[in-house]
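Engineer: can't give you the sequence, but here's the structure:
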């Protein structure tokens, strides 16, 4: 293949001029000194009796750190000239590596390895370990394997010991410890604390080992954690399926991320940047993402996430809390379709599931956790979510239904600023988490305070939610900056009028 006949300046700490070569897709397998757990584990979809443990085997014990990044180039259809990104209308996206590098040696690379994995687990109260059998990882799923632990008990802390070994050897090559909590049963009324995050841009890391919010959250002894989407951003470099998996490898091999996710029950949602690219949906005719397709994006997400079945699901955390996690990409109509009864983000089946499960729930507090806003306000130029005019028909259906419920709130991802807003008609309160780093914040003007806003801050950080039956049956939502400093506190009580702080 011909080489591009120009040089491009690499924007990184080394600031080198590097000759670029086209992408090589051949993965390297195996290593007699491994395999290892460089990308850690992910503990998800935990119910009273089950947990999904995601594992992956790697050739090396740590990620590649001191190396350059690749770059994506596009082709002008009229001149045939190669160019860097201008808009998302660019054509024929292709990833090029610096000379002498490939997908296994660039910054953040964590090449996978064949091998076997076994999980030992026990409650913190027990001395007896239970164990799965040895299971081979799947090369087709980025050398990962999911285990479903199905004999758990509610309201307990469980300890994990994950072990790896080569296929043809019996000696354990690597171990990784972990822990997680199971939800209390529906009759148990106790304090629950969880945290939420969204919009996690790799170029916007703010800690030498990853992101500041994770060491902060790790010290809170959370019951669980929710990532509300935009966990990775495919847009710039995921021009084929191999590079899509690379995005997950480099993100979860960051030491802050790896440590946190080995120690907490987590629930993950998908948004546009985890599916394909910004504001994406099935059916877009584009070559911006090169060989990488929308359906491949959905497949990669399921391969990389500790999710058991459907990507919309609900979990009960004791007598006083139930959460709903929804899917906003798989079933959506084109954003460009005229609004009306046939236009949807959730799809008919998910909408019916949502209404029926919410109606059936007797939890004190009901929280819809959505990858995108339901209430807003959002920018007038946007047309991708239920707070926008483009999906106002279905959005109004959701808001009208939620208004019929007691003590129901919305937590949303996607927006790069923090807010607490109250719908002027229905009184529903929505909490926007905001991005998880300061450099990722933006998209709204700090002085643009609307009547709906109870709190507004164009800043990065995280958010915690506390349900406390001992404090008059209260819900407390605290927004933090990236250093863990509290910025705003919202408190409401189950017996009070909806949304009164």
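Structural biologist: Looks like it came in fine. It should be emphasised that the depicted structure is a prediction, and the values quoted were computed from it without experimental measurement.
Engineer: in this protein, which helix or strand is least confident?
Structural biologist: strand 17-18 (a mean of 28; mean pLDDT, DSSP states H and E).
Engineer: which residues of the chain score low on pLDDT?
Structural biologist: Along the chain, the parts satisfying pLDDT under 70 run over 1-32, 495-501.
Engineer: mind listing the helices for it?
Structural biologist: 213-218, 241-252, 255-261, 272-275, 294-304, 348-360, 392-403 (DSSP state H).
Engineer: out of these, nearest to residue 115?
Structural biologist: Distance to residue 115, taken as C-beta to C-beta, is lowest for helix 241-252 among the helices of the chain, at 16.1 Å. For the C-beta atoms, the positions are set from N, CA and C on the backbone; glycine is no exception.
Engineer: just want the phi and psi numbers for the residue lying closest to residue 157 once chain neighbours are set aside.
Structural biologist: Sequence neighbours aside, residue 124 is the residue nearest to residue 157 in space, at 4.4 Å (criterion: C-beta to C-beta, 6 or more residues apart in numbering). Per-residue torsions, residue 124: phi -60, psi -20 (degrees, to the nearest 10).
Engineer: contacting residues around residue 124?
Structural biologist: Residue 124 makes contact with 156, 157, 158, 159, 179, according to C-beta atoms under 8 Å, 6 or more residues apart in numbering.
Engineer: ok, the second one touching residue 121?
Structural biologist: The one in question is residue 157. No - with contact defined as C-beta atoms under 8 Å, residue 157 does not reach residue 121; the gap is 11.1 Å.
Engineer: between those two, which one's more packed in?
Structural biologist: The residue with more neighbours, out of residue 157 and residue 121, is residue 121; 23 against 14, by other C-beta atoms under 10 Å.
Engineer: beta partners of that one?
Structural biologist: On the basis of DSSP bridges, residue 121 is bridged to residue 130, residue 160.
Engineer: change the start of the numbering to 34 and stick with it
Structural biologist: Noted, 34 is the first residue going forward, which turns the last one into residue 154.
Engineer: quick one, what contacts it?
Structural biologist: Going by C-beta under 8 Å, 6+ apart, residue 154 touches 162, 163, 164, 182, 191, 192, 193, 194.
Engineer: if we can go back for a sec, of all the helices of the chain, which lies closest to residue 79?
Structural biologist: For the helices of the chain, proximity to residue 79 was assessed by C-beta to C-beta; helix 288-294 is nearest, at 12.7 Å.
Engineer: from the chain's centre, how far out does that closest one sit?
Structural biologist: Distance of helix 288-294 from the chain centroid (C-alpha atoms, centre = their mean, to the nearest Å) equals 14 Å.
Engineer: swap in stretch 320-338?
Structural biologist: Relative to the centre of its chain, stretch 320-338 is centred 15 Å away, using C-alpha atoms, centre = their mean.
Engineer: now the strands for the stretch 184-333 of the chain?
Structural biologist: For the stretch 184-333 of the chain, the strands defined by DSSP state E, counting those that start in this stretch occupy 190-198, 207-214, 225-230, 257-260, 299-301.
Engineer: among those, which comes closest to residue 82?
Structural biologist: Residue 82 lies closest to strand 190-198 among the strands of the stretch 184-333 of the chain, at 11.6 Å (C-beta to C-beta).
Engineer: show me what the closest one is packed up against.
Structural biologist: On a contact count with 3 or more C-beta pairs under 8 Å, 6 or more residues apart in numbering; DSSP states H and E, strand 190-198 meets strand 74-77, strand 84-89, strand 149-156, strand 207-214.
Engineer: show me where the stretch 334-483 of the chain has its strands.
Structural biologist: Going by DSSP E, counting those that start in this stretch, the stretch 334-483 of the chain shows strands at 346-349, 354-358, 398-403, 441-445, 451-455, 462-465.
Engineer: just these: most buried one?
Structural biologist: strand 462-465 (a mean of 26; mean count of other C-beta atoms under 10 Å).
Engineer: ok, residues contacting that strand?
Structural biologist: 406-409, 442-446, 448, 450-456, 487, 496, 510, 512, 523, 525, 531-532.
Engineer: adjacent strands (with direction) for it?
Structural biologist: Assessed with DSSP bridges, strand 462-465 is paired to strand 441-445 (parallel), strand 451-455 (antiparallel).
Engineer: scan the contacts of residue 154 and report the most crowded one.
Structural biologist: Most neighbours among those, by other C-beta under 10 Å: residue 191, with 23 neighbours.
Engineer: what sits against that one?
Structural biologist: For residue 191, the contact set (C-beta under 8 Å, 6+ apart) comprises 84, 154, 155, 156, 157, 182, 185, 212, 213, 214, 215.
Engineer: against residue 379, how distant is residue 179?
Structural biologist: Using C-beta to C-beta, to the nearest Å, residue 179 is found at 26 Å from residue 379.
Engineer: OK, contacts around residue 260?
Structural biologist: For residue 260, the contact set (C-beta under 8 Å, 6+ apart) comprises 229, 230, 231, 233, 299, 300, 301, 302, 446.
Engineer: what do you get if the cut-off is 7 Å, keeping everything else the same?
Structural biologist: Contact analysis of residue 260 by C-beta atoms under 7 Å, 6 or more residues apart in numbering lists 230, 231, 299, 301, 302.
Engineer: my guess is the third one meets residue 258, correct?
Structural biologist: Yes - under the criterion of C-beta atoms under 7 Å, residue 299 lies in contact with residue 258, with a separation of 4.7 Å.
Engineer: can you give me the strands for the stretch 34-183 of the chain?
Structural biologist: With DSSP E, counting those that start in this stretch as the criterion, the stretch 34-183 of the chain has strands at 41-42, 50-51, 53-55, 74-77, 84-89, 104-108, 115-116, 127-131, 149-156, 163-164, 168-169, 177-182.
Engineer: name the residues that touch the fifth one?
Structural biologist: It refers to strand 84-89. By C-beta under 7 Å, 6+ apart, the residues outside strand 84-89 that reach it are 72, 74-78, 145, 150, 152, 170, 175-182, 185, 193, 195, 213, 338-341.
Engineer: buried sites along stretch 82-102?
Structural biologist: 84-93, 96-97, 100-102 (16 or more other C-beta atoms under 10 Å).
Engineer: so what's residue 345 closest to, chain neighbours aside?
Structural biologist: residue 360 (4.3 Å).
Engineer: oh sorry, the question was meant for residue 199
Structural biologist: residue 148 (5.4 Å).
Engineer: tell me how many other residues surround residue 396.
Structural biologist: 20.
Engineer: actually, residue 369.
Structural biologist: Per other C-beta under 10 Å, the neighbour tally for residue 369 reads 10.
Engineer: same check, this time on the one 10 residues further on
Structural biologist: The criterion is other C-beta under 10 Å. On that basis, residue 379 has 23 neighbouring residues.
Engineer: measure stretch 222-236 end to end?
Structural biologist: Terminal residues of stretch 222-236 lie 42 Å apart, using C-alpha to C-alpha, to the nearest Å.
Engineer: done for today, thanks.
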